[in-house]
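1. 3D model of this:
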Amino acid sequence: MEIQCPHCHSRFNLPDKFAKAGAKLRCSVCKNVFALQLPEQKGATEAPPKKVPAKAAAPRKEKKGSSILLWIGLLIFLGLLGGSGYWYYIQFPSGDKKASLSDDELARRVSMLTMRNVRQFFVSNEKVGEVCVIVGDVRNEFPQPKALIRVEAGIYDANKKPLVVKQQLAGAKLSPFQLQVLGEQEMESFLQSSPDIYIRNGNVPPGGEVPFMVLFYVPSGKVAEFGVRIVGVEDATPQPGMPAAPAAPAAPAQQAPAQVPGAQQAPPSVPAVQ
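-> Sure, this is the predicted structure:
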């Protein structure tokens, strides 16, 4: 049956099985909640409907397509909720467990993960100005596959005081063009929820590598040095159809400390690498 919101007068089709007297309905336009009144329950002061000839009372066709569209919309909405839950898990895979790890346990869990090709540079972005970019790769030297590798990067002033320290899941990287034209929110959203995180960081095989990128929105004149370290990893759970990250040719990992030219070495709490 067709109903009308008493507040905004929007009209909707309600399946007959839900058309019960006194049923609570919510308008999808103005969010007003009202009780359903069937035609026979309207006020007694209303004049009785006029009788019309039988030939003029054509049977009303029920719109079957509306209920189908309603179910399709519901399935799409539930699918979006499921996707949000998945990316929430990707970003925070085991928060309680990570918080309880000691320094020794963390060092053991990441002992055979090495960083390669780590570098820092600045990009001129047309919306936010200068962007400090730290990129690199994490290589899995363990004999078993790993997943959800997380890094922590920091930038420091000339007095070794941290300006900004951020954690980031590896897997997503922006192109040079994207670094120049996207806004801060767009870039951060991509680095935190790109499908590349699932593809590249969901199952890193022995010898495989996963890239990472961390962005800081601080002018170059304030940054004297930077540092990167690995702060999280999980054992990979093989799943049907999940592509594995390609294995890279063996090469010695870069472990030497690094810094912005002319700057001092980063504090040991966040060791700088190159």
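
2. use CA for all of it now, contacts and neighbours both
-> Fine.

3. Count the residues that sit near Arg139.
-> Neighbour count of Arg139, defined by other C-alpha atoms under 10 Å: 25.

4. where's it, which helix or strand?
-> Assigned by DSSP states H and E, Arg139 belongs to strand 129-140.

5. Report all helices and strands that the following helix or strand past that strand contacts.
-> As assigned by DSSP H and E, the chain's next helix or strand after strand 129-140 is strand 146-156. Under the contact criterion of 3 or more C-alpha pairs under 8 Å, 6 or more residues apart in numbering; DSSP states H and E, strand 146-156 touches strand 162-169, helix 195-201, strand 225-235.

6. ok and strand 146-156 relative to strand 162-169, angle-wise?
-> When axes from the mean of the first three to the mean of the last three C-alpha atoms, to 10 degrees is applied, the directions of strand 146-156 and strand 162-169 differ by 170 degrees.

7. Please work out which residues outside strand 146-156 touch it.
-> The contact list for strand 146-156 (C-alpha atoms under 8 Å, 6 or more residues apart in numbering) reads 90, 93, 134, 140, 162-170, 201-206, 212, 214, 223-236, 266, 270.

8. Of these, which count as buried by neighbour count?
-> Among those, those classed as buried by 16 or more other C-alpha atoms under 10 Å are 90, 93, 134, 140, 162, 165, 167-170, 201-206, 212, 214, 223-234, 236, 266, 270.

9. Help me confirm that Glu184 comes into contact with Val128.
-> Yes: contact criterion C-alpha atoms under 8 Å: Glu184 and Val128 qualify, at 6.9 Å.

10. Just tell me which of the helices and strands packed on strand 146-156 ends up closest to Gln4.
-> helix 195-201 (42.6 Å; C-alpha to C-alpha).

11. same for that closest one, what does it pack against?
-> strand 146-156.

12. could I get the strand it packs on in CSV with only the CA atoms?
-> Taking Å, rounded to 0.1, in the frame of the first residue of the first chain, the C-alpha atoms of strand 146-156 are listed here in CSV:
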residue,chain,number,x,y,z
LYS,A,146,53.9,-13.2,6.9
ALA,A,147,51.1,-10.6,6.7
LEU,A,148,49.9,-7.2,8.0
ILE,A,149,53.5,-5.8,8.3
ARG,A,150,53.3,-2.4,10.0
VAL,A,151,56.0,0.3,10.1
GLU,A,152,56.5,3.3,12.3
ALA,A,153,58.1,6.4,10.9
GLY,A,154,59.1,9.7,12.5
ILE,A,155,60.5,13.1,11.6
TYR,A,156,62.7,15.1,14.0
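
13. That strand vs strand 225-235, what angle?
-> Strand 146-156 and strand 225-235 are oriented at 160 degrees to each other (the same axes, to 10 degrees).

14. sorry, back to before: tell me which of the helices and strands packed on strand 146-156 sits nearest to Leu106.
-> Per C-alpha to C-alpha, nearest to Leu106 of the helices and strands packed on strand 146-156: strand 225-235, 7.1 Å.

15. Next, the angle strand 129-140 makes with that closest one.
-> Angle, strand 225-235 to strand 129-140, by the same axes, to 10 degrees: 40 degrees.
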